[in-house]
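>>> task: produce atomic coordinates for the following.
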Amino acid sequence: MVITLILILLIVIFMAFFIGMNLSNVCTFWFFKTFTELPVAVLTLIAFGAGIIFALLFIFAAKMKAPASDAEARAAKKLEKKARAEEKLRLAKEKEASKKAAKEAKKNEPI
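Numbering: from 1, shown residues only. Below you'll find the model as predicted:
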């Protein structure tokens, strides 16, 4: 845990140093408006953030729009699992009842 914290701090320090040394590199960027003298490091961070946001949106949209066959398969598996559990419980109860009956028969058996 401490090593992870130190590693993250080192990465942040490296990024701050890298950005600070490259603030003199500027470019012009057009996104429905022309932005002049925009630092390249800032533009890179904005592009990275936009990429993360769009990737997450596509992932969530794909999960929400799961094919019906997948949902049906999951439901069928769930029902099958429930049926197996009920069958197991029924067999356990039958075994318990047969043990009780055998015990009673042995108890009531004339000597």
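
>>> give me the below-cutoff pLDDT ranges for this protein.
For the chain, the stretches flagged by pLDDT under 70 are 66-69, 110-111.

>>> can you map out the helices along it?
2-21, 40-64, 68-108 (DSSP state H).

>>> how about CSV for those helices, with distance to residue 31 and mean neighbour count added?
Where C-beta positions appear, they are placed from N, C-alpha and C, glycine not excepted. Output for the helices of the chain, formatted as CSV (distance: least, C-beta to C-beta, whole Å; neighbours: other C-beta atoms under 10 Å):
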stretch, distance to residue 31, mean neighbour count
helix 2-21, 21, 10
helix 40-64, 10, 11
helix 68-108, 38, 10
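
>>> format those helices as a markdown table; extra columns: distance to residue 30.
Formatted as a markdown table, the helices of the chain follow (distance: least, C-beta to C-beta, whole Å):
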| stretch | distance to residue 30 |
| --- | --- |
| helix 2-21 | 22 |
| helix 40-64 | 12 |
| helix 68-108 | 42 |
